[in-house]
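>>> how does the following fold in three dimensions:
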Amino acid sequence: MSRDHHVGMIVPSSNLTMETELPRMLRAREDVLPDDRFVFHAARARMQHVTPEQLRAMNDQARRAAIELADARPDVVATACLVAIMAQGPGYHCTAEDDITEALRAEGSNAPVVSSAGALLSGIEALGARRVAIITPYMQPLTDAVVAYLTDAGVEVVDSLSLQVPDNLAVARLDPADLREHRRKLDLTGADALVLSACVQMPSLPSIERVQDEVGIPVLSAATATTYRILTELGLEPRVPGAGALLAG
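Predicted coordinates:
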């Protein structure tokens with residue numbers, strides 16, 4: 001018997017990719033595992049430019065967005081701005097997830113909460129990786145904050161690349177095919193995994209498996225890691241064809 005799983009998403013107002021890549025992955029999963037289907041509900045939090053000030057202001061809107069999503073009675077809620085959380089300091093994903101959980105519970109929703117920041121850490125752990133290289137679209141100070149966050153969580157970042165795109169809509173328009181060239185600028189010596197996009201707004205899905213085949217180590221992204229956590233929170237096999245080692249099942 002087929003079942004619909006309702007996925008709530010809290011996304012930046014200018015985010016396009018979260019609502020593109022996650023549904024694309026889960027619909028690809030439906031092609032091979034048709035008994036589970038996925039329905040998406042999004043609430044938005046205002047953010048146009050990836051600056052510390054706008055990131056903090058967006059975080060302040062998470063509770064309001066969670067209350068709105070609670071009305072749809074989702075089965076899981078994912079909040080999707082990795083750098084907005086990581087820029088607040090080590091371990092902040094736990095605080096953010098707890099705040100959203102509290103808002104959902106107050107409205108009678110028992111949905112588990114996933115943050116893209118926490119999901120990336122979970123995905124790296126699930127792959128058994130301790131050393132990673134990362135590509136971000138952020139300005140260098142925000143990339144430094146992401147590196148510090150991962151380091152505090154026990155993940156060594158052997159190399160990083162900042163594409164330095166401050167406008168969030170411009171990030172969504174980056175060509176994922178270019179990541180195949182960008183990754184050549186990284187020194188992957190000693191890396192156990194490559195985070196091809198440490199941002200749910202920077203498209204990467206079409207390049208995940210191609211780059212994985214080229215580099216010979218697992219390749220993941222903030223989006224594939226968030227999908228992995230959504231599936232495991234729903235008690236489903238984390239299997240999506242064409243989405244890299246983390247979602248190989």
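
>>> I'd assumed Arg184 was in contact with Val215.
No - if you go by C-beta atoms under 8 Å, Val215 and Arg184 don't touch, sitting 9.6 Å apart. C-betas here are computed from N, CA, C, even on glycine.

>>> okay, these two: which has more neighbours?
It is Val215, of Val215 and Arg184, that has more neighbours when counted by other C-beta atoms under 10 Å, with 19 against 12.

>>> how near is that one to Thr226?
Using C-beta to C-beta, to the nearest Å, Val215 is found at 22 Å from Thr226.

>>> equivalent analysis for Arg173, please.
With C-beta to C-beta as the criterion, Arg173 and Thr226 are 21 Å apart.

>>> then Asp152?
20 Å.

>>> please identify which of these two sits among more neighbours.
Neighbours were counted for Asp152 and for Thr226 using other C-beta under 10 Å; Thr226 has more, 29 against 12.

>>> quick one: contacts for the more buried one?
18, 22, 78, 80, 114, 116, 119-120, 200 (C-beta atoms under 8 Å, 6 or more residues apart in numbering).

>>> one more time with 7 Å, if that's ok
Thr226 makes contacts with 22, 78, 80, 114, 116, 119, 200, as judged by C-beta atoms under 7 Å, 6 or more residues apart in numbering.

>>> same thing with Leu33?
Counted by C-beta under 7 Å, 6+ apart, Leu33 has contacts Arg239.

>>> hey, which helix or strand in this structure has the poorest pLDDT?
Ranked by mean pLDDT, DSSP states H and E, the weakest helix or strand in the chain is helix 52-59, scoring a mean of 64.

>>> how about whatever helix or strand comes next after that one: buried residues?
As assigned by DSSP states H and E, the chain's next helix or strand after helix 52-59 is helix 62-70. Judged by neighbour count using 16 or more other C-beta atoms under 10 Å, the buried positions of helix 62-70 are 62-63, 65-70.

>>> look up how far Pro203 lies from the most centrally placed residue in the chain.
What sits nearest the mean C-alpha location of the chain, by C-alpha atoms, centre = their mean, is Ala222, with 3.1 Å. Counting by C-beta to C-beta, the gap between Ala222 and Pro203 amounts to 11 Å.

>>> what's the answer for Ala223, then?
8 Å.

>>> what residues are shared contacts of those two?
Joint contacts of Ala223 and Pro203 (C-beta under 7 Å, 6+ apart) are Glu21.

>>> out of the two, name the residue with the larger neighbour count.
Per other C-beta under 10 Å, whichever of Ala223 and Pro203 has more neighbours is Ala223, with 31 against 25.

>>> part of a strand, is that one?
No - according to DSSP: H, G, I helix; E, B strand; the rest coil, the state of Ala223 is helix, so it is not within a strand.

>>> okay but it is in contact with Thr20, surely?
No - counting by C-beta atoms under 7 Å, Ala223 stays clear of Thr20, with 9.0 Å between them.

>>> need the overlap of contacts for the two.
Contacts common to Ala223 and Thr20, judged by C-beta under 7 Å, 6+ apart, are absent.

>>> all helices for this protein, in order.
18-32, 52-59, 62-70, 82-86, 92-106, 116-126, 140-152, 168-172, 179-182, 205-215, 222-233 (DSSP state H).

>>> how much does the third one deviate in direction from helix 92-106?
To tie it back to what came earlier, the one meant is helix 62-70. 50 degrees (axes from the mean of the first three to the mean of the last three C-alpha atoms, to 10 degrees).
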